[in-house]
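Participant: sequence first, predicted coordinates after that:
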Amino acid sequence: MGPTVRKRFPRNSRLLRHADFERVYKQGKRHFAAHMTVFYLEREAPQNFRVGFTVSGALGGAVVRNRMRRRLREAVRLLGRNNEIAVDVVINPKKSLLTAEFTEIQQEVKKAFELIERKYGNARGRSEIESQ
RNA sequence: CAGCUGGGCCGGAUGGCCGCUCUUAUCCGUCGAGGAUAGGGGAGGAAAGUCCGAACUCCGCAGAGCAGUGUGCCGGAUAACGUCCGGGAGGGUGGAUUCAAGUCCGCUCGACGGAAAGUGCCACAGAAAAUAUACCGCCUUGGCGGCAAUGCCGGGGUAAGGGUGAAAAGGUGCGGUAAGAGCGCACCGCCGCGGCAGUAAUGCAGCGGGCAGGGCAAACCCCACACGGAGCAAGACCAAAUAGGAAGGAAGACGCGGCUUCGGCUGCGGAACGUGCCGGCUCGGUGCGUCAAACCUUCGGGUAGGUCGCUAGAGGCGAGCAGCAAUGCGCGUCCCAGAGGAAUGGCCGUCCUGCGGGAGCAAUUCCGCAGACAAAAUUCGGCUUACAGGCCCGGCUGCUAA
């Protein structure tokens, strides 16, 4: 691939099953940020980095919740993920995420992902994704 | 033109880059999953609230009754409705008219069957609230006081007036009377009777009756009619792993001994056989078994998961015909979201509309901000609620012009 990498977010990079969410909530660790809370849990193979979102009904109506989820998903998509490490991540937005600047959200997600990579990943994996 | 108001309609437009989802074609890959390229589709008028009605699915179902729930003027529309359309009666309001009650016309409102089947309630106020009632007043009369005006105590008549109330026992006018009263008369209302008009609700005029029956049924209730229950997480199919269930398959020659009801049972030794594990295979090692456990095969239920249900429909659009209308009929034409921790997005540009500010006599132009409410979740028909801004038609009021 060339220097303009296509940043995608396909189905197998997403968390889709109720059991997966439950496991991350019950056994995972937590990272807090201004606009979100990030839950994460290391997993056995297959090797990929999966992300899911939970937006509870208390945060607003369907329109508001959709907008939060879509902004978060876009931030995760544009940031890219290190598929060398096997980990499940669940992001819970807070109410302030609705009005926050998009670049601010991207910064917070990036910080959280770097933390997870330092913990579970190896340096080679990260450099690979940056050299793409 | 401005304000208020009734009804209908629209609900920003367009493009770039990067994504998501469904789908068609081709190609790659294939045990299974998947991937690439190109083309096409991808939120609403309320998708919402889940308040009604249906389609569809499963369960239940001899028949009848009770209970319960809902509906409630009449006719029509419809698959159906608590919806819609038309009509009737009633309430409110404005105008005209009448001595007045009332009548007529316009606009408007809504759970509009029954209060002479029964029960219950009617606060406060008021003398009295349903077997009517005498507080003030009005009329009359007895006694006492006083020259008198009239005062005090008592009897009787009276529902016209006052006052209270949501409501005071037909209303208005005239007559009548001691004062009054349907006591009498006229009109209006009411009740009964038959007549005429209308599919009907109901209306109209007539005759008879002085008039009996306060309100609340969104209090219980009575009457008439309708109604089985649960819902697409309905339901149908495929079906791993694990545990459990059912059926079937397969392997001891021989030696020595014990017991015996002479069929067998059993202990020890033991080449052999079956089978699990280690192992690429043989050999080998090792475990278990060989009167049925392990093991193998098959079957049924069934969980995770998957597929279907899942979008061609009481469908949209167009003109026509029938009907006052709701709506119906045939014709032409189009195919228009189908996700499932849940796609329909993110960022940026141009234009449009509105608001604010600046420049200009003005047309105009520059800058900034804003563009609502609310997102499919099986599908339709309604109802209700939310909503920036704009468009169209009508009514009333004011101003200006003719």
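Facilitator: Great, that's in hand. Numbers count the residues shown, from 1 in each chain, chains lettered A, B, ... in the order given.

Participant: what about the helices in chain A?
Facilitator: For chain A, the helices defined by DSSP state H cover A:18-27, A:62-79, A:102-120, A:123-131.

Participant: so what pLDDT did the closest residue to A:H31 other than its chain neighbours get?
Facilitator: Excluding the flanking residues, the one nearest A:H31 by Cβ to Cβ, 6 or more residues apart in numbering is A:V38, at 4.4 Å. C-beta: built from backbone N, CA, C; applies to glycine. For A:V38, the model assigns a pLDDT of 92.

Participant: so who does A:V38 touch?
Facilitator: A:30-32, A:89-92, A:112 (Cβ atoms under 8 Å, 6 or more residues apart in numbering).

Participant: for the residue positioned nearest the centre of chain A, list each beta-bridge partner.
Facilitator: Nearest residue to the geometric centre of chain A (Cα atoms, centre = their mean): A:V51, 4.6 Å. Judged by DSSP bridges, the bridge partners of A:V51 are A:R14, A:V89.

Participant: need the pLDDT of it.
Facilitator: 89.

Participant: count of residues packed around the closest residue to A:F113 other than its chain neighbours?
Facilitator: The spatial neighbour of A:F113 that comes closest, neighbours along the chain excluded (Cβ to Cβ, 6+ apart), is A:L79 at 6.6 Å. Burial measure for A:L79: 17 neighbouring residues, criterion other Cβ atoms under 10 Å.

Participant: fine by me, we can end here.
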